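[1] Quick one: sequence and predicted model below, then my questions.
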Protein chains: 2
Amino acid sequence: MKQPLHERIRSDFEARILSGELLPGARLPTELELMRDYDCARMTVSKALSALVAAGLIDRRKRAGTFVARPRVHSMVLDIPDLEQEVLQRGQRYHFELFNREVRTPDPAHPDEAALAGEGELILLEGVHFADDVPLAVEARLISLSAVPDIAASAFQGASPGAWLLKHVPWTEAETRIAAVPADRNVAARLHLALGSACLFVERRTWRGDEGITLVRQHFVGSAYDLIARFGSARRPSDG
Amino acid sequence: MKQPLHERIRSDFEARILSGELLPGARLPTELELMRDYDCARMTVSKALSALVAAGLIDRRKRAGTFVARPRVHSMVLDIPDLEQEVLQRGQRYHFELFNREVRTPDPAHPDEAALAGEGELILLEGVHFADDVPLAVEARLISLSAVPDIAASAFQGASPGAWLLKHVPWTEAETRIAAVPADRNVAARLHLALGSACLFVERRTWRGDEGITLVRQHFVGSAYDLIARFGSARRPSDG
DNA sequence: CAGTGGTCTAGACCACTGA
DNA sequence: CAGTGGTCTAGACCACTGA
C-alpha cells in the first residue's frame, strides 16, 4: 500500500461514520487507544482526526473525548458557470453583444457603486449573451477601474467581460445572490421575452482581498437556464 | 498570544496571498527556511502549509517547492437554507402545513421515483412553508421508505419533513438544481400568487452512500426569497 | 542526484474540563 | 485532579522530480 497511515485511519472512520455504523454523538476511541489499534505515533492519529474535524465529521473536546458530529450544516458547492463554455458544450454557438459602455464616478444614490469603487472611477458594461443567436442572458457589469485599469483597452465584442476578468484578474472572495424575478421592460426587450416572464437573477460581487473588483447582475431566460450545486465525494451514476 | 504558532504561520501567508503581495505562481520559502524564520520544528511549518493546501491557496510540488495557487475554479459555497431557521432569524413565525401524504410504489412513468427507491416503497409529502402565516414556499418531497423507515411514524404538522430528515438521517451526497419558473396553477394557488409569477425552483436529491434518501421540489415566492452563495475566507464588511 | 516535500516516530509540556 | 486533546520538538527515512 502506498496510502499513508494517517489517511487510512481517516478513511476508516469516515466510512464508519458515513455508513451510519457510528451515529452522531457516538464516542470515538481516544488518541491513546488509536495509537495502540494502529500501532503508530500520536501525531499520526492526530493528523487523521484533524482532517475529520476539518471535514466536519467529528467534534473533539478536551477531557471528554472525540465524538461523531451532528449532521453538518447544509452547504453545497455551486459551480459558477462560464457561460461561453456551457453554451459550447451544449453544441451551440456563443457570442456576446455589448450594447452600452460608460466610464463614470460612482453614483452616490447607489451605495453598491461606492462600495465597489470608493472614490475611483467605474466602467459600466452592458450586454447580452447569445446561444445560437438566441438571447440567453442580459448582464450589467460594473468594474472598478482602479482595480482593473487594463479593462479600458478591451473591446468586449464577441467575448464577454466575465471571461476576460476571469483570465486577467484573480479574485479571492465572491458573493452571489440568486433569485427569481419577473422580466422588466428592459430585460424583456433584450431577451425577447414577454413582460413578467420568470428570469433567474444572479448578482455577484467579487473582491481581491479588500478591494472590490466587479459587481454583475445577470438575468437569464428562465426556461433556458439552470444552476447546479453539488455536495459529496462520489459521483452519482446519473452524472455519466 | 494564545494563538498557536502553526496558525500564525498559516494566517501570515494567507494574508500575504489574499492581499496580492504574493501573486499566483509566486514561490514561498521552503520548509527549512520557514523553520529558521519562525524558529520552530518542521512539523509546525508542515501543519501550517497543509492547511493552506487544504484551503486551495497554495500548491506544493516535491523538489520544486511551494507556490501560490492559480485562482481557483469558479465555484462557491451555497448555503442550503433551513427554512425554519431563516424565517425565525428574520423575526417571523414559521410553520409548515402538510396537505398531502401518500405511501406507494414508484411510478414507472417517473424515472426519478425508481431512481430514488428502486423497487421499495415511497412516501410522498406535500406541504407549504409559512412565514408569519404568509406562504413562502410549497414543496413536494419523495422519501424512500427503505432508507428512512422511521418516517412513517412522524406527523409533520408544524415542523417540516426537511428539518426532520436533517436531524434523523445524515446524508453524504446531494445535488441541487436551481431555476426560475412561472407559477403553474397548483403552485399559484398554494402560494397565493398570480398564475405565471416568477418562482425560484429548487430541486434537490440526497443520498447516503449509494442509497437514495429523498427528492424534493420546492417553489419559492420569487419576491420573498433569495439564495446566497459565498466564496472566500475573510468576511465582507457588509456581513456585519 | 540533490533539494524538496510527505510521512512518521517517540517523546514532551500544557490547557482544558468533566467525572 | 486526572484524562483528554492541542501543540510542539528534533530528529528520521523516503519519494518524487526538476535543475
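    Happy to help now that I have it.
[2] quick one: furthest residue from the center of chain A?
    Of all residues in chain A, residue A:36 sits farthest from the chain's C-alpha centroid, using C-alpha atoms, centre = their mean; the distance is 42.2 Å.
[3] moving C-terminal of the helix or strand containing that one, what's the next helix or strand?
    Following DSSP states H and E, the helix or strand that holds residue A:36 is helix A:31-38. Heading C-terminal from helix A:31-38, the first helix or strand you meet, by DSSP H and E, is helix A:42-54.
[4] Quick one: mean pLDDT over that following helix.
    Throughout helix A:42-54, pLDDT has a mean value of 95.
[5] Would you point out the helix or strand in chain A whose mean pLDDT is lowest?
    Ranked by mean pLDDT, DSSP states H and E, the helix or strand of chain A with the weakest confidence is strand A:75-79, at a mean of 77.
[6] could you say what helices and strands the helix holding residue A:36 packs with?
    Counting by 3 or more C-beta pairs under 8 Å, 6 or more residues apart in numbering or on different chains; DSSP states H and E, the packing neighbours recorded for helix A:31-38 are helix A:5-18, helix A:42-54. All C-beta spots, glycine's among them, are computed from the backbone N, C-alpha and C.
[7] Pick out the residue in chain A sitting closest to DNA strand D.
    As assessed by C-beta to the nearest atom of the strand, DNA strand D sits closest to residue A:63 within chain A, at 2.8 Å.
[8] That residue: neighbour count?
    Each residue near residue A:63 was counted by other C-beta atoms under 10 Å in any protein chain shown, and the total is 4.
[9] Who is the nearest residue to residue A:97 once chain neighbours are set aside paired with across the strands?
    On the basis of C-beta to C-beta, 6 or more residues apart in numbering or on different chains, the spatially nearest residue to residue A:97 that is not a chain neighbour turns out to be residue A:128, at 5.1 Å. Note on residue A:128: beta-bridge partners by DSSP bridges are residue A:97, residue A:138.
[10] From what I see, residue A:128 and residue A:94 are in contact.
    No - no contact is recorded between residue A:128 and residue A:94 when judged using C-beta atoms under 8 Å, the distance being 11.5 Å.
[11] Comparing those two, which residue is more hemmed in?
    Per other C-beta under 10 Å, whichever of residue A:128 and residue A:94 has more neighbours is residue A:94, with 22 against 19.
[12] Quick check: buried residues in the least confident helix or strand of chain A?
    Within strand A:75-79, the residues that count as buried by 16 or more other C-beta atoms under 10 Å in any protein chain shown are A:75-78.
[13] can you check stretch A:88-100 too?
    Of the residues in stretch A:88-100, those buried under the neighbour-count criterion (16+ other C-beta under 10 Å) are A:94-98.
[14] likewise stretch A:27-38?
    If you call a residue buried by 16+ other C-beta under 10 Å, then stretch A:27-38 has these buried ones: A:28, A:31, A:34-35, A:38.
[15] Export the least confident helix or strand of chain A to CSV, keeping only CA atoms.
    What follows is strand A:75-79, C-alpha atoms only, in CSV (Å, rounded to 0.1, in the frame of the first residue of the first chain):
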residue,chain,number,x,y,z
SER,A,75,-24.0,23.7,2.4
MET,A,76,-23.1,22.7,-1.1
VAL,A,77,-20.7,23.7,-3.9
LEU,A,78,-22.2,25.8,-6.6
ASP,A,79,-20.4,25.9,-9.9
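[16] Show me how chain A divides into domains.
    Domain assignment of chain A by automatic domain parsing yields the ranges A:5-68, A:77-229.
[17] I'd like to know which of these is closest to DNA strand C.
    When these are ranked by proximity to DNA strand C (C-beta to the nearest atom of the strand), domain A:5-68 comes first, at 3.0 Å.
[18] and that closest one, how far from the chain's centre?
    If you compare the mean C-alpha spot of domain A:5-68 with that of the full chain, they lie 30 Å apart, counting by C-alpha atoms, centre = their mean, to the nearest Å.
[19] for it, how far is the first residue from the last?
    One end of domain A:5-68 to the other measures 21 Å (C-alpha to C-alpha, to the nearest Å).
[20] before we move on, what about stretch A:85-93?
    Terminal residues of stretch A:85-93 are spaced 10 Å apart (C-alpha to C-alpha).
[21] where does chain A come near DNA strand D, residue by residue?
    Counting by C-beta under 7 Å from any atom of the strand, the positions of chain A adjacent to DNA strand D are A:2, A:28, A:30-32, A:42-43, A:46, A:49-50, A:53, A:60-66.
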